[in-house]
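**Student:** no sequence for this one, just the structure:
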């Protein structure tokens, strides 16, 4: 006969914890994959400063993707009209 103090925890009591941990893992992996897809298959960038934002915007205007890059010497047609600089109207 077993003593009452040596009984283990029934595994049914641990199932909700296992399900919660599994869902956290699935949602974390899904968000990581979604962020990877949004960055064109590249890893997410951290500590992006103004210069990086400016270069990423230029890359988006050149290639159509925020993280895309091109090695072509000439800019595509219409790029000269997509100037990101905002100028104020002159006083007339």
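**Tutor:** Received the coordinates, thanks. In this text the structure is predicted, and so the values were computed from the model without any measurement. Numbers count the residues shown, from 1 in each chain.
**Student:** Spatially nearest residue to the residue minimising distance to the centre of the chain (excluding sequence neighbours)?
**Tutor:** For the chain, residue 35 is the residue whose C-alpha lies nearest the centre (C-alpha atoms, centre = their mean; 2.7 Å). Ranked by C-beta to C-beta, 6 or more residues apart in numbering and with sequence neighbours excluded, the top spatial neighbour of residue 35 is residue 44, at 5.3 Å. The way it works is simple: take the backbone N, C-alpha and C, and place the C-beta from them, glycine included.
**Student:** State the number of residues packed around that neighbour.
**Tutor:** 11 (other C-beta atoms under 10 Å).
**Student:** cool, and residue 11?
**Tutor:** 8.
**Student:** Roughly how far does it sit from residue 25?
**Tutor:** 19 Å (C-beta to C-beta, to the nearest Å).
**Student:** the helices in this protein, which residues?
**Tutor:** Assignment of helices within the chain using DSSP state H yields the ranges 15-38, 50-63.
**Student:** could you dump the ones you listed to TSV with distance to residue 79?
**Tutor:** What follows is the helices of the chain, written out as TSV (distance: least, C-beta to C-beta, whole Å):
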stretch	distance to residue 79
helix 15-38	23
helix 50-63	7
